[in-house]
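Asker: Mind folding the following:
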Amino acid sequence: AEILTGALLAPLGFERGMEAILVGHVIGAALLLPAGLIGAQSGLSAARSVRISFGRYGSYAFSILNLVQLLGWTAIMIVSGAKAMDGITGELWGFQNEAAGCVVIGILIALWVLMGIKNLARVNVVVVTMLFGLSLVLGFTVLGQTGSGAAAGEPISFGTAVELNVSMSLSWMPLISDYTRRLRRPFLGTGVSVLSYFIGSVLMFAIGLGASLFAGTSDIARILLAAGLGLAALLIVLFSTVTTTFLDVYSAGVSAANLSERLNEKTVAVLVCALGTVLAASVSMEQYENFLFFIGSVFAPLFSILFVDYWLFGRREIDPGRLLDLKNALLWAAGFVLYRLLLPYDTPVGITLPVMLLVGVSSIVVRFPGRKV
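Answerer: All right, here's what the predicted structure looks like:
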């Protein structure tokens, strides 16, 4: 998904595109760190931590929106992975069946879920290390090619390019606490997680940008085969899709558990995986960019309000009696509308940061100590 997003930046050229990638990822990392620290310090999942600012019913609404986002990501990841696998198996063995690829990926994701976090940790060490090594080979191969570097594709502004990078980071903000809540060293563990995301994500975006400019394509299968990776190309696509999408379906289970304690996290995760596999057959990648902007409009104002309450005003505990914080709900709605209204406009830092700052200042004003609100 990040290679595909990086390819969208090609009209900017390589230098300007890399500048947008770095600016967007610095902003994204700066937002991911405090989001992850909330889970690490409180021991709360992302869905439950929202109760601090929005009350129980507010967190229910967040959980539903997050489930929509995660189901969308599951379907997008499965279909994009299956399409890439189709291209690779077609070249290697003359076999193509996109539906079969979706089923294989879906089954492996379900197995990842059923293994559980503790058992999965051992498997992930091996798989992710392998993926990182192969990704470095891919990166040097793609970025080492020569070419004109001429821009390709639909025109894109620098601000929009930055925003696409930030939106990708925002999509992880409702998930990061689901994992950092288990850390023994809150700040160190969260910092390493965010730094690792920054490095890996910048590399993937750069590969997508470089491939689109220098290799003349954003088709991941053609890029991998052109790099001479052969069977390793298939492993990259398969396991990168599985390990990433596992996080989506697992966090869907965590969000669902916030709606009702009777819901089992693993059971919901497997159901989301199955539904995502079915939906993958009807997903249109033409709406991918709009999907990223939807994520930004939902979660940018939400986390801005939570940051102000948690970090500035020291609201660290959930009030069991608070069903809905109406002021914060209205602030979120205003932030959502503001984000959508600002989408056509361009700033050097995108629109997520300005929206979060405006919503944050508004939250401070209405909650300033001593004011009756």
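Asker: Just want the most central residue of the chain.
Answerer: residue 171 (3.5 Å; C-alpha atoms, centre = their mean).
Asker: Can you say which helix or strand has the closest residue to that residue other than its chain neighbours in it?
Answerer: Spatial nearest neighbour of residue 171, chain neighbours left out: residue 295 (4.9 Å); criterion: C-beta to C-beta, 6 or more residues apart in numbering. Heads up, the C-betas are built off the backbone N, CA and C, glycines and all. Residue 295 is part of helix 288-307 when elements are defined by DSSP states H and E.
Asker: just to revisit the earlier point, contacting residues for the residue nearest to residue 171?
Answerer: Residue 295 sits next to 69, 167, 170-171 when contact means C-beta atoms under 8 Å, 6 or more residues apart in numbering.
Asker: again with residue 329
Answerer: 54, 58.
Asker: host element of it?
Answerer: Assigning secondary structure by DSSP H and E places residue 329 in helix 326-342.
Asker: Mind giving me the packing neighbours of the helix or strand of the chain with the lowest mean pLDDT?
Answerer: Among the helices and strands of the chain, helix 220-226 carries the lowest confidence by mean pLDDT, DSSP states H and E, at a mean of 77. Contacts of helix 220-226 with other secondary structure elements, assessed using 3 or more C-beta pairs under 8 Å, 6 or more residues apart in numbering; DSSP states H and E, are made with helix 2-7, helix 51-93, helix 98-143, helix 231-259.
Asker: From the chain's centroid, how far away is it?
Answerer: Mean-position distance between helix 220-226 and its chain equals 23 Å (C-alpha atoms, centre = their mean, to the nearest Å).
Asker: and if you look at stretch 24-41?
Answerer: Taking the mean of its C-alpha atoms, stretch 24-41 sits 13 Å from the chain's own mean (C-alpha atoms, centre = their mean).
Asker: Check the average confidence over that stretch, would you?
Answerer: Stretch 24-41 carries an average pLDDT of 96.
Asker: Just give the number of residues close to residue 61.
Answerer: Neighbourhood size, residue 61 [other C-beta atoms under 10 Å]: 16.
Asker: and the residue lying closest to residue 243 once chain neighbours are set aside, how far is that from residue 53?
Answerer: The shortest distance from residue 243 to any residue that is not its chain neighbour, by C-beta to C-beta, 6+ apart, is 6.0 Å, and that residue is residue 127. Counting by C-beta to C-beta, to the nearest Å, the gap from residue 127 to residue 53 is 36 Å.
Asker: more crowded one of those two?
Answerer: Neighbour totals were compared for residue 127 and residue 53, and residue 53 leads with 30 against 18 (other C-beta under 10 Å).
Asker: in this structure, which ranges drop under the pLDDT threshold?
Answerer: Low-confidence regions of the chain, defined here as pLDDT under 70, cover residues 117-118, 143-153, 215, 218, 369-373.
Asker: how close does residue 71 get to residue 131?
Answerer: Where residue 131 is concerned, residue 71 sits at a distance of 24 Å (C-beta to C-beta).
Asker: should've said residue 321
Answerer: Taking C-beta to C-beta as the measure, residue 321 falls 47 Å from residue 131.
Asker: and if you look at residue 201?
Answerer: Relative to residue 131, residue 201 is positioned 13 Å away (C-beta to C-beta).
Asker: The two: who's more crowded?
Answerer: In this view residue 201 and residue 131 are compared by other C-beta under 10 Å, and residue 201 has more residues nearby, 22 against 19.
Asker: Residue 71 is in contact with residue 255, correct?
Answerer: No. Contact status for residue 255 versus residue 71: not in contact, 10.4 Å apart, counting by C-beta atoms under 8 Å.
Asker: Those two: which is more packed in?
Answerer: Legend: neighbour count by other C-beta under 10 Å for residue 255 and residue 71, higher for residue 255 (32 against 18).
Asker: Now do the contacts for that one.
Answerer: Listed by C-beta under 8 Å, 6+ apart, the contact partners of residue 255 are 45-47, 62-63, 66-67, 70, 174.
Asker: could I get the residues you listed as a markdown table with neighbour count and distance to residue 17?
Answerer: A markdown table is the format used below for these (neighbours: other C-beta atoms under 10 Å; distance: C-beta to C-beta, whole Å):
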| residue | neighbour count | distance to residue 17 |
| --- | --- | --- |
| 45 | 24 | 35 |
| 46 | 31 | 31 |
| 47 | 25 | 35 |
| 62 | 26 | 33 |
| 63 | 24 | 36 |
| 66 | 28 | 30 |
| 67 | 21 | 33 |
| 70 | 27 | 28 |
| 174 | 29 | 27 |
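Asker: what's the closest of those residues to residue 305?
Answerer: Taking C-beta to C-beta as the measure, residue 305 sits nearest to residue 62 out of the contacts of residue 255, at 11.1 Å.
Asker: Now the closest one: closest residue in space, sequence neighbours ignored.
Answerer: Among residues not flanking residue 62 along the chain, residue 50 sits closest, at 4.6 Å (C-beta to C-beta, 6+ apart).
Asker: what are the phi and psi angles of residue 283?
Answerer: For residue 283, the backbone dihedrals (degrees, to the nearest 10) come out as phi -70, psi 130.
Asker: what's it in contact with, if anything?
Answerer: Counting by C-beta under 8 Å, 6+ apart, residue 283 touches 75-76, 79.
Asker: rewinding a little: would a markdown table of the contacts of residue 255 with distance to residue 211 be doable?
Answerer: A markdown table is the format used below for the contacts of residue 255 (distance: C-beta to C-beta, whole Å):
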| residue | distance to residue 211 |
| --- | --- |
| 45 | 36 |
| 46 | 33 |
| 47 | 36 |
| 62 | 36 |
| 63 | 37 |
| 66 | 31 |
| 67 | 33 |
| 70 | 27 |
| 174 | 29 |
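Asker: Can you tell me the number of residues neighbouring residue 154?
Answerer: Using other C-beta under 10 Å as the criterion, the residues surrounding residue 154 number 8.
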